[in-house]
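J.: sequence first, predicted model second:
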Amino acid sequence: MKKEMPSWLESAIFYQIYPQSYNDTNGDGIGDIKGIHEKLDYIQQLGVNAIWINPCFESPFKDAGYDVSNYYKVAPRYGTNADLEELIKESNSRGIRVILDLVPGHTSMDHAWFQESQKAERNQYTDWYIWNDSVWADQEPGLNITRGYAERNASYIANFFYFQPALNYGFAHPDPDKPWQQPVSAPGPQAVIQEIKHIIAFWLERGASGFRVDMASSLVKRDPGKIETGKIWQDIRAWMSEHYPEAVLIAEWGVPAQALQSGFHVDMLLGGYHNPGLTSLFRKRGIGMHRDPYGWSFFDEAGHGDITQFVDEYTQQLEQTQALGYMGIITGNHDEHPRIADGKSMEMMKLVYLFLLTMPGTPFIYYGDEIGMTYVHGLASKEGGYERTGVRTPMQWQDSLNAGFSTGSPEKLYLPVSESYPAVNVANQLADPSSLFNTVRHLISIRKSHPALQAESAFSVVHAQAGELPFVYQRTRADETYLVALNPSRNEVHYTFKLEHNPKEISSLFAQNGAFRLVDNQMTLDLGLVSGLLVKLSS
């Protein structure tokens, strides 16, 4: 067992909610906190036991809330602090944890801290952001310098967009010829670290179960290997373990060995250059923000995908992190595009979820992915979304006005509803026992009922060969072993192998176009087109 892990995390299945697009209760076209509250029956029916809410704090929303102007106040468009506290309370009463989105690396330029920091006269916040010593100074390699804003004769470092000034956590190796590059131990960085702890404590005291941390590795500048950044998170983790032992820290880092060594309980496996093997699972080359360097995704009916591109990378990372924390495989998020269902049949999506919900670590489901929502092309950028905007469209609840998302007029909506909503919506899928939603729900129930399928249990590969199917793996705990076999192709596949031990009992927990035969310890898997099996072996 991993050390100092919140007890609930072993069986956690997360559901990500983009609040402005989930459910609008006041008809203004923007989803709200009460809208999430109103859908708790649905979330509970799905079976997830934790939700992650994208930033819901006060913001000018130039970057969809990732430009915070007040970490202690819910944005009025979403409701009030009391609304959020009530949502957390009701969710917790249903056994559903709520984690919030923490943006520690930067704020909005509208934040009161920054407005004080940019003043010419020194004050409490002068060193809370990173400023050089002259507005005329040259650009700094690797740093995004923004000129001409401040009263003070200086330019500030922005973390991403120009309106997101970087909070000052110092430099790992300050240039002695540039005194504005402060060490981590300087008063300004230390004050910022303490403020982050105050923010964390504020929301944990109000019932939140932890935080997903945006750009978690972005704190200390010029920090090779993220050593100094890691020390900050190790300190925060130790403080949380002492005062809030059941609270969780989840990183948007994408390098699990670094993130988990730095104190995070979970690191999300992000696609693209972070973890190209993960990209090779779900998305083809040339589609989305991150290009797949391997050409074909594994979950593609053409059958050209190479599962070893994922397995080799994943097993190496699993070995590096197994004593530290969990890796989280995601269906997608507000950044990854297109949506995971794009170009996939509902049968293929069911296979994707068989994989997701039988793998180690902590699974994350992006809202709408459980019903197969797809990317909406051709949308103008909204709140800094750019090409990501098409994965942020309103949840499709039913075949009615605005897909049941809002009673407001369509032109008022945060984003247009996808034209797919008459066919792809929650109401239709609730009524269909064979729907994607009901399949996901069933697989979630299986995972929750069988500890050997949860985060901690052993994982081993039975068969993973380049150019060959199926992909077969095992999950094991105590005297129970679970065998998973996946054939995403349009071809039938038959695979025979010898079991190490003759099982006392054998049963099928989930079968999609597949069957198995066991004769004298020889297991034969008969997998039809786009097929999968989950088999329990009891010794």
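T.: In hand now; what should we look at? These figures come from a predicted structure and were not determined experimentally.
J.: got the residue ranges for the helices in the stretch 301-450 of the chain?
T.: In the stretch 301-450 of the chain, the helices defined using DSSP state H, counting those that start in this stretch lie at 308-321, 346-356, 426-430, 436-449.
J.: in JSON lines: these, plus mean neighbour count, distance to residue 34 and mean pLDDT.
T.: C-beta: built from backbone N, CA, C; applies to glycine. Listed next are the helices of the stretch 301-450 of the chain as JSON lines, based on neighbours: other CB atoms under 10 Å; distance: least, CB to CB, whole Å; pLDDT from 0 to 100:
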{"stretch": "helix 308-321", "mean neighbour count": "18", "distance to residue 34": "38", "mean pLDDT": "94"}
{"stretch": "helix 346-356", "mean neighbour count": "22", "distance to residue 34": "29", "mean pLDDT": "98"}
{"stretch": "helix 426-430", "mean neighbour count": "19", "distance to residue 34": "18", "mean pLDDT": "98"}
{"stretch": "helix 436-449", "mean neighbour count": "20", "distance to residue 34": "23", "mean pLDDT": "98"}
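J.: got CSV for those helices, with distance to residue 36 too?
T.: Formatted as CSV, these follow (distance: least, CB to CB, whole Å):
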stretch, distance to residue 36
helix 308-321, 31
helix 346-356, 23
helix 426-430, 14
helix 436-449, 18
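J.: what sits against the closest residue in space to residue 359 that isn't next to it in sequence?
T.: Nearest residue to residue 359, sequence neighbours excluded (CB to CB, 6 or more residues apart in numbering): residue 329, at 5.8 Å. Residues in contact with residue 329 (CB atoms under 8 Å, 6 or more residues apart in numbering) are 269, 278, 356, 359, 361, 363-364.
J.: do I have it right that residue 457 meets residue 360?
T.: Yes - using CB atoms under 8 Å, residue 457 is in contact with residue 360, at 6.8 Å.
J.: who touches both of these two?
T.: With CB under 8 Å, 6+ apart, residue 457 and residue 360 have common neighbours residue 475.
J.: how many neighbours does residue 225 have?
T.: Counted with other CB atoms under 10 Å, the neighbours of residue 225 add up to 10.
J.: my reading is that it lies in a strand. Confirm?
T.: No - counting by DSSP: H, G, I helix; E, B strand; the rest coil, residue 225 is located in no strand; its state is helix.
J.: from residue 79, how far off is the closest residue in space to it that isn't next to it in sequence?
T.: The shortest distance from residue 225 to any non-neighbouring residue, by CB to CB, 6+ apart, is to residue 258 (7.5 Å). To residue 79, residue 258 is 36 Å away according to CB to CB, to the nearest Å.
J.: can you pull the domain assignment for the chain?
T.: As assigned by automatic domain parsing, the chain contains the domains 9-104+189-449, 106-166, 457-538.
J.: dump these to a markdown table, plus distance to residue 177.
T.: Shown next, in a markdown table, are the domains of the chain (distance: least, CB to CB, whole Å):
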| stretch | distance to residue 177 |
| --- | --- |
| domain 9-104+189-449 | 14 |
| domain 106-166 | 11 |
| domain 457-538 | 51 |
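J.: out of the ones you listed, flag the one nearest residue 180.
T.: Closest to residue 180 of the domains of the chain, according to CB to CB: domain 106-166, at 4.8 Å.
J.: quick one, which of the domains of the chain is nearest to residue 172?
T.: Closest among the domains of the chain, using CB to CB: domain 9-104+189-449, at 3.9 Å.
J.: give me the low-pLDDT residue ranges for this protein?
T.: Scanning the chain for pLDDT under 70 picks out 1-3, 284-295.
J.: please go through it and pick out the longest strand.
T.: strand 522-538 (DSSP state E).
J.: mind listing what's buried in that one?
T.: Within strand 522-538, the residues scored as buried using 16 or more other CB atoms under 10 Å are 523, 525-527, 530-537.
J.: list the buried ones in stretch 450-466?
T.: Buried residues in stretch 450-466, defined by neighbour count with 16+ other CB under 10 Å: 450-457, 459, 461-462, 464.
J.: please apply the same query to stretch 4-22.
T.: Using 16+ other CB under 10 Å as the test for burial, stretch 4-22 gives 5-6, 9-22.
J.: save the buried residues of strand 522-538 as a markdown table, and put in distance to residue 318 too.
T.: Formatted as a markdown table, the buried residues of strand 522-538 follow (distance: CB to CB, whole Å):
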| residue | distance to residue 318 |
| --- | --- |
| 523 | 24 |
| 525 | 24 |
| 526 | 29 |
| 527 | 25 |
| 530 | 27 |
| 531 | 26 |
| 532 | 21 |
| 533 | 22 |
| 534 | 20 |
| 535 | 22 |
| 536 | 22 |
| 537 | 21 |
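J.: tell me the one among those nearest to residue 352.
T.: residue 532 (9.6 Å).
J.: hmm, residue 493 and the closest one touching each other?
T.: No - counting by CB under 8 Å, residue 493 is not a contact partner of residue 532; they are 10.9 Å apart.
J.: overlap in contacts of the two?
T.: Residues touching both residue 532 and residue 493 by CB under 8 Å, 6+ apart: residue 487.
J.: specify the local secondary structure of residue 87.
T.: helix.
J.: distance check, it against residue 187.
T.: Separation of residue 87 from residue 187 (CB to CB) stands at 37 Å.
J.: tell me which of those two has more neighbours.
T.: Between residue 87 and residue 187, residue 87 has the larger neighbour count (other CB under 10 Å), namely 24 against 10.
J.: next up, the contacts around the more buried one.
T.: If a contact means CB under 8 Å, 6+ apart, then residue 87 has 33-34, 36-37, 40, 98 as its contacts.
J.: hmm, try it at 7 Å
T.: Taking CB atoms under 7 Å, 6 or more residues apart in numbering, we find residue 87 in contact with 33, 36-37, 98.
J.: now do residue 327
T.: By CB under 7 Å, 6+ apart, the contact set of residue 327 is 256, 267, 269, 317-318, 321, 361.
J.: hmm, 10 Å instead?
T.: By CB atoms under 10 Å, 6 or more residues apart in numbering, residue 327 lies in contact with 256-257, 259-260, 266-269, 275, 278, 314, 317-318, 320-321, 359-362, 455.
J.: are any of the residues you listed buried, and which?
T.: Neighbour-count burial (16+ other CB under 10 Å) applied to the contacts of residue 327 gives 256-257, 259-260, 266-269, 275, 278, 314, 317-318, 321, 359-362, 455.
J.: what's the closest non-adjacent residue to residue 37?
T.: residue 87 (4.8 Å).
J.: and residue 432, by the same measure?
T.: residue 438 (6.8 Å).
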